[in-house]
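K.L.:
following is a predicted model, sequence given first.
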Amino acid sequence: SAVISQKPSRDICQRGTSLTIQCQVDSQVTMMFWYRQQPGQSLTLIATANQGSEATYESGFVIDKFPISRPNLTFSTLTVSNMSPEDSSIYLCSARQGYDEQYFGPGTRLTVT
Amino acid sequence: KQEVTQIPAALSVPEGENLVLNCSFTDSAIYNLQWFRQDPGKGLTSLLLIQSSQREQTSGRLNASLDKSSGRSTLYIAASQPGDSATYLCAVTPTDSWGKFQFGAGTQVVVTP
């Protein structure tokens, strides 16, 4: 199994600013993903973080708003840029090795005022 | 496009009763199906992973079945306890998804003492 940690666990940010969320996995994994969970909703995939190359974004999400880095097989960051109150959500990092079990981090609870 | 549905959306049972949670998916071309538990404001905890070639998986009081041809999975929780109160999510990995999940909306469970 994989253990995933995220930093920060929560933050309150002002409109127009940016926040970078870090995700660390305790073992090398082939796939890392970033999800968003808006209040009362299920999870929505933002993008697949690709090691050494640009992330693959889902429909409705763009790199300028959610830049993602993945410098190696155990670490990724997601930045939420130019934030608005609509960005208030839980952001979750996840990882899986091939098509095996998928694991999730504890999430980052973001509130934008 | 794969769609995942969970019924019911919410469920309340007295302690000791067995829980039955349903998950259906529209396309049987999947690698696997995974059940998760999510506590309020927290990340996801993996409960059971069923590969497409399997019919069921068991872990303690939890048993999950998979009928791929009919697009259904059922999670059974025996002798429910108040600590089982949470939202339960199912997710499938379509064969053409490059490892990405498709999530259901979840079933919110309350077990009353």
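P.N.:
Yep, that arrived.
K.L.:
write out the residues of chain A neighbouring chain B.
P.N.:
A:30-31, A:33, A:41-43, A:45, A:48, A:90, A:92, A:94, A:96, A:98-107, A:109 (C-beta under 8 Å from any C-beta of the partner chain). C-beta: built from backbone N, CA, C; applies to glycine.
K.L.:
which of those residues count as buried?
P.N.:
A:31, A:33, A:42-43, A:45, A:48, A:90, A:92, A:94, A:96, A:99-100, A:102-107, A:109 (16 or more other C-beta atoms under 10 Å in any protein chain shown).
K.L.:
in strands, which of the residues you listed fall?
P.N.:
A:Met31, A:Phe33, A:Leu45, A:Thr48, A:Ile90, A:Leu92, A:Ser94, A:Arg96, A:Gln102, A:Tyr103, A:Phe104, A:Arg109 (DSSP state E).
K.L.:
which residue is the nearest non-sequential neighbour of residue 63?
P.N.:
Using chain A. Among residues not flanking A:Ile63 along the chain, A:Tyr57 sits closest, at 6.3 Å (C-beta to C-beta, 6 or more residues apart in numbering or on different chains).
K.L.:
wrong one, chain B
P.N.:
B:Tyr76 (4.6 Å).
K.L.:
before we move on, which element is the one you found in?
P.N.:
Per DSSP states H and E: B:Tyr76 is located in strand B:72-77.
K.L.:
other SSEs contacting that strand?
P.N.:
Using 3 or more C-beta pairs under 8 Å, 6 or more residues apart in numbering or on different chains; DSSP states H and E, the elements in contact with strand B:72-77 are strand B:19-25, strand B:30-38, strand B:44-51, strand B:62-67, strand B:86-94.
K.L.:
need the CA coordinates for it. PDB is fine.
P.N.:
C-alpha atoms of strand B:72-77 as PDB (Å, rounded to 0.1, in the frame of the first residue of the first chain):
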ATOM      1  CA  ARG B  72     -23.500  -3.800 -10.700                       C
ATOM      2  CA  SER B  73     -21.600  -4.000  -7.400                       C
ATOM      3  CA  THR B  74     -23.000  -4.300  -3.900                       C
ATOM      4  CA  LEU B  75     -21.200  -3.500  -0.600                       C
ATOM      5  CA  TYR B  76     -22.500  -5.400   2.400                       C
ATOM      6  CA  ILE B  77     -21.500  -4.300   5.900                       C
END
